[in-house]
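Sharing a model that was predicted from the sequence below.
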Amino acid sequence: MGRFNAMKKLALLYLLVVISSSFLYAQDIETEKLKLNITVANKFYEGGNYNSAITSYIEIINNFNEIISDSLQFELNLRIATSFYLSGNFNKAIYYYSSCTNLYTNVSDTTQLIKLYRKIGISYRKLKLYEKSQHFYSIGLKLAYKTKEKKSIADIYISLGNLFREKSNYIKAKQYFERSIQIGREIKDTLNLAINYVNFAELAYLSNEYDSAIYYLEKSLKYQRFIDHKFLDSGTYLYLAKSYQKKGNYKSAEMYLNRTIQIETASYSPKRLITAFKLMSDIYQEQRKFEQANIYLQKYASLNDSILSEENKDNSILYESLQNLQHIENENKINKEKLSWHKIIYISVSIALFLLILIIILLIKNQVKIKTYTNEILKKNKQIVYQNEEIKQQNEEITQQNEELNTHKENLQELIDKKTKDLEIALKKAEESNRLKALFLKNISHEVRTPMNAIVGFAQLLSYNDNDPNYKYIEIIDKHINELLKLIDNIIEMSQIQAQQIKISTNYFLVKDLFDELYINSLQLREKKKKNHISIHFENIKNPQEKINSDKDKILIILYQLIENAIKYTEKGNIKLSYTKGNGEVIFKLVDTGIGIEREEISTIFESFVKIENSEKLYRGTGLGLSIVRNLVDILNGNILVESEVDKGTSFTISIPNIGQDKVV
């Protein structure tokens, strides 16, 4: 037997080796392809061919998504975002930088995350969306202060200064530059000092203070001697040339402009080179040196046409690449299906081979079993004689057991009667326990609310004196007591629902009375929440005498809970309540313009203690309101339908049967 067990283990081991080797082989091939594609994409990126780099990185993500790690996914998205940023497509850059913030998991190194928020802010600034730009700068600045990243704080101050400079708020821009340069001196960041003095110069230039601009630029050049930053050198020379031009010092302007042209020609930065050619042409025109002006004007026009042609070509390539991307994805799906079929065939053959080996093992094992059974039969034949005697003895024992069984049968009815009586006693205890639980809920509601109502009353009396130095604290007490009362009501209501102690009392009542009471409560709630800017509109009842037959109190609780939720999650806009009747039911519809609900969260909002989360604002509450609404609607044999769209609003539609006669359930 040990020998056959060993053979079975070998067969299983063979199957595992075959399957694992096939998967590892396929995975190694995919890994090598991934490395090769990344190398090609990096070549495009490092060579400044950003459109080709973007296409290559996107293809890598689509084709190798299953084997790409989270860290590599982050790096690829960061390269795509940077490529879009450098090629001037700031909308796409924002999208991919945002994807990077979602993928970023290295909490121990927040510097990279701060840089991402700053890049998003700069991209929004480039698009002239200054509020969004400032928002992301603020997020990065808070994180930098939290982690005490002084260099990051200084960099964001520079970005904020540039933002306010573009908004022509030069005073505020200078304040941010001064904060940045103060940190730069503290951490001895030479590059920071050089950049900030250029920023001061630019503000002075825009304010027509050309002497101040020249002073700051020359001060920046002193710091630039200690760093190797050709782009900053070139920009500083260009601003010096502009400032000297404004002062009429054309000789100095030409000197600094020639330095700019020399640097940009070597590094080939065409946009700044175009600016330099145009400025040189203007300087010569102002000196009435038209021949030299014409030479630089031609250089300007030629380079500008060349750049436009190259940009159009790059845009055409990018468009064609994006058009082909869908085709590549479709081919990728087909290839994956083929690879899956190849794997299935390979595994099937391996399993068939394993089964064949297993059958052979079983056949051999059966032959051995036959021999074993033959020997056992011979032994059993010898035992039959002994068993016959045992059978006689067992027959005698069976006769005795039958007699005992008859005795037990007579006692069984007595045992059943006793158990039945015990169950009846247990049922009475359970009913009494349920009654005591209902009584406890009623008493606890009264005992808790009575002192709370006294506290509310005295707090309101104290709040009438606006001149009381403790007035703001009294307001806080009043607000939180009301929230506590609401919490107690919700908990007791939910407890009664779970204990099945809710009584439904239906009778005829005017819809207008229901709406009037609900409207007054809604206005009071809106004032308490300090959201008087939100419009609350109840649809006029066409027939003031129209009645419905249902439980008015329960409907009032349902609609009040929904309106309270709508006021809580609506920051601007309006809340509307409408009413219709037909097909033996009444329909209430509440629509708000609040923050909305994610589609995947709609199915969970009616669960107890579930709250809608929002990354921008914390909303207080226990998460019981909608759970109570759902249970009360179910108790009334009604239905509730939710429709929502994020950042646009939510609608709740409640249909409740219009019962034909008064009754209590």
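Looks like it came in fine.

could you point out which element follows the strand or helix carrying Asn102?
Assessed by DSSP states H and E, Asn102 sits inside helix 90-103. Towards the C-terminus, the helix or strand next in line after helix 90-103, according to DSSP H and E, is helix 111-126.

Which residues belonging to that next one are considered buried?
113-126 (16 or more other CB atoms under 10 Å). No exception for glycine: its C-beta is placed from N, CA and C like everyone else's.

Let me see the ranges of the strands in this protein.
505-510, 535-538, 547-550, 574-582, 585-592, 639-645, 649-657, 663-664 (DSSP state E).

Tell me which of these sits nearest to Ala293.
Ranking the strands of the chain by their distance to Ala293 (criterion: CB to CB) puts strand 639-645 first, at 59.4 Å.

angle of the closest one against strand 585-592?
Calculated by axes from the mean of the first three to the mean of the last three CA atoms, to 10 degrees, strand 639-645 forms an angle of 20 degrees with strand 585-592.

same for strand 639-645, what does it pack against?
On a contact count with 3 or more CB pairs under 8 Å, 6 or more residues apart in numbering; DSSP states H and E, strand 639-645 meets helix 625-635, strand 649-657.

where does Lys336 land on pLDDT?
pLDDT recorded at Lys336 is 53.

Need the contact partners of the helix holding Asn102.
70, 73-74, 77-78, 80-82, 84-85, 113, 116-117, 119-120, 123-124, 126-127 (CB atoms under 8 Å, 6 or more residues apart in numbering).

got the buried residues for stretch 644-651?
644, 649-650.

Run the chain-centre distance for that stretch.
16 Å (CA atoms, centre = their mean, to the nearest Å).

Just the mean pLDDT for it, thanks.
The average pLDDT for stretch 644-651 rounds to 91.

hey, C-alpha coordinates of that stretch in CSV?
Presented in CSV, the C-alpha positions along stretch 644-651 are these (Å, rounded to 0.1, in the frame of the first residue of the first chain):
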residue,chain,number,x,y,z
SER,A,644,-29.0,60.0,-7.6
GLU,A,645,-26.1,61.7,-9.5
VAL,A,646,-22.9,62.8,-7.8
ASP,A,647,-22.6,66.7,-7.4
LYS,A,648,-26.1,67.1,-8.9
GLY,A,649,-28.6,65.8,-6.3
THR,A,650,-30.8,62.9,-5.2
SER,A,651,-34.5,62.0,-5.5
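
switch to numbering from 516
That works, and once the first residue is 516, the last one we named lands at stretch 1159-1166.

give me the number of residues near Ser735?
With neighbours defined by other CB atoms under 10 Å, the count for Ser735 comes to 24.

Now it. Nearest residue, chain neighbours left out?
Using CB to CB, 6 or more residues apart in numbering and skipping residues adjacent in sequence, the residue nearest Ser735 is Tyr712, 3.7 Å away.

what do you get for Phe679?
Ala688 (4.0 Å).

I'd say the one you found and Tyr672 touch.
No - look at Ala688 against Tyr672 with CB atoms under 8 Å: they stay out of range, at 10.3 Å.

anything in contact with each of those two?
Counting by CB under 8 Å, 6+ apart, Ala688 and Tyr672 have no contacts in common.

from the chain's centre, how far out does stretch 1077-1094 sit?
That offset, for stretch 1077-1094, works out to 24 Å (CA atoms, centre = their mean).

For that stretch, could you pull out the residues that count as buried?
Within stretch 1077-1094, the residues that count as buried by 16+ other CB under 10 Å are 1077-1085, 1090-1092, 1094.

which sections of the stretch 1016-1165 of the chain are below the confidence cut-off?
1016, 1128-1137 (pLDDT under 70).

switch the cut-off to 50
Along the stretch 1016-1165 of the chain, no part satisfies pLDDT under 50.

and what of the chain?
537-540, 622, 829, 832-834, 836-837, 840-841, 843-844, 1176-1180.

burial of the nearest residue to Ile1117 once chain neighbours are set aside, as a residue count?
Nearest residue to Ile1117, sequence neighbours excluded (CB to CB, 6+ apart): Val1157, at 5.4 Å. Per other CB under 10 Å, the neighbour tally for Val1157 reads 14.

who's in contact with Val1157?
1112, 1117, 1120, 1165-1168.

For it, give the beta-bridge partners.
Beta-bridge partners for Val1157, by DSSP bridges, are Phe1167.

quick revisit: and the residue nearest to Phe679, how close does it get to Gly699?
16 Å (CB to CB, to the nearest Å).

Check Phe805 too.
45 Å.

quick one: which of the two has more around it?
Counted by other CB under 10 Å, Phe805 and Gly699 do not tie: Gly699 has more neighbours, with 25 against 12.

how about the nearest residue to the more buried one, chain neighbours excluded?
That would be Asn707: by CB to CB, 6+ apart, it lies 3.3 Å from Gly699.

try Asn723
Lys761 (7.7 Å).

Which of the buried residues of stretch 1077-1094 sits closest to Tyr725?
Closest to Tyr725, out of all of the buried residues of stretch 1077-1094 and judged by CB to CB, is Thr1085, at 53.3 Å.

Cheers, nothing more for now.
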